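Peer 1: sequence and computational prediction follow.
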Number of protein chains: 2
Amino acid sequence: MSPETTEGTYQVQGQIGFVLRKANQRHVAIFATHIADLTPPQFAALAKLRDVGETSQNQLGGLIAMDAATVKGVIDRLAARGLVQLAKHEVDKRRLMVKLTDEGHRLIVELLPRARTITEETLSPLSAKDAETLLQLLTKIS
Amino acid sequence: MSPETTEGTYQVQGQIGFVLRKANQRHVAIFATHIADLTPPQFAALAKLRDVGETSQNQLGGLIAMDAATVKGVIDRLAARGLVQLAKHEVDKRRLMVKLTDEGHRLIVELLPRARTITEETLSPLSAKDAETLLQLLTKIS
DNA sequence: ACATTTTCATTCGTACACAAGTGATAACCT
DNA sequence: AGGTTATCACTTGTGTACGAATGAAAATGT
């Protein structure tokens, strides 16, 4: 029986929460070596906007799993850098529409190949089959 | 061939970084329902201190994968609540030693069973075998 | 012994992440 | 229509997370 499952023992290092945090740390570190001037959430926002075109802030948050407060900060910083453009929805005055600027579009297209490298490097300790398994299992607990 | 691995396609939702973030989000949410007055990092710090007794702040950070700046914030908040006790190392004047107070010890012992529940609930979408596999694969990429 | 390098802790700045509360607007419902 | 509820965005407050810079103290090398 492994130490993690032994009755009466509790090792933080073996818990799912701890390992998730560490794996994420390593991924973010790898990300930063390949894409220095964008954070993973910022990249996710730009990549998603490229997929869907224009959306509202909240809707975008739903697509990339960020709550309203978080998405606002991310979008504000992207807007300040001229990568996205904001506009009030003409009919529904509550909504704030977001879309890529030309520069934002150019940037995300340029960075997409590097994103693939990041994924590869993060999964490099695993075989292709194990990587696929990991993705599936993680998706199930998400 | 799955969409994620198709040449020329890039879906943020299928990337390891995105799925890691989402899995972690769900875990933290589950954690909060069972242990409301402690965050996962705070819990990790207390649990580790219970294992090792007294350590320095930096050393503790190494054990639970937090850098110096992060660990300081966590420990400060625990100290403010009287759960840990701080003291300068007598010989090495650089080091700040940390240990559980009686209250901190009582609390972490009380919460340990709930931590097991949290782990179980987080992994509940998986079979026992798959859960074990996930732990192993995550550890490999950590 | 003494200069160099490490280590430890702290501080500052930036960036998520989310709960809770607010105000404006839209949708709903009888 | 008019009141209720829901949605959207924003704000505030707390808590990680980490890079970079700083200062004190210890370890190291010659």
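Peer 2: Yep, it's here. Values in this document were obtained by computation on a predicted structure and should not be read as measured data.
Peer 1: going forward, measure contacts and count neighbours with C-alpha atoms only.
Peer 2: Noted.
Peer 1: pull up the residues of chain A that are close to DNA strand C.
Peer 2: Within chain A, the positions lying close to DNA strand C (Cα under 7 Å from any atom of the strand) are A:39-42, A:65-67, A:69-70, A:73-74, A:77, A:91-94.
Peer 1: could you redo the last one with a cut-off of 6 Å?
Peer 2: For chain A, the contact set with DNA strand C under Cα under 6 Å from any atom of the strand comprises A:39, A:41-42, A:66-67, A:69-70, A:73-74, A:91-94.
Peer 1: which pair of those residues spans the longest distance?
Peer 2: A:39 and A:91 (32.8 Å; Cα to Cα).
Peer 1: circling back to that earlier point, which of the residues of chain A next to DNA strand C are buried?
Peer 2: A:41, A:42, A:66, A:74 (16 or more other Cα atoms under 10 Å in any protein chain shown).
Peer 1: which of those residues sits closest to DNA strand D?
Peer 2: Nearest to DNA strand D out of those is residue A:74 (Cα to the nearest atom of the strand; 10.2 Å).
Peer 1: check which helix or strand that closest one maps to.
Peer 2: Per DSSP states H and E: residue A:74 is located in helix A:68-80.
Peer 1: report all helices and strands that that helix contacts.
Peer 2: In terms of contacts (3 or more Cα pairs under 8 Å, 6 or more residues apart in numbering or on different chains; DSSP states H and E), helix A:68-80 is packed against helix A:40-52, helix A:57-63, strand A:84-88.
Peer 1: what do you get if the cut-off is 10 Å, keeping everything else the same?
Peer 2: Packing partners of helix A:68-80 (3 or more Cα pairs under 10 Å, 6 or more residues apart in numbering or on different chains; DSSP states H and E): helix A:40-52, helix A:57-63, strand A:84-88, strand A:96-100.
Peer 1: in chain A, spot the helix with the most residues.
Peer 2: helix A:102-122 (DSSP state H).
Peer 1: still on that earlier bit, would JSON lines of the buried ones among the residues of chain A next to DNA strand C with pLDDT be doable?
Peer 2: JSON lines is the format used below for those (pLDDT from 0 to 100):
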{"residue": "A:41", "pLDDT": "98"}
{"residue": "A:42", "pLDDT": "98"}
{"residue": "A:66", "pLDDT": "98"}
{"residue": "A:74", "pLDDT": "98"}
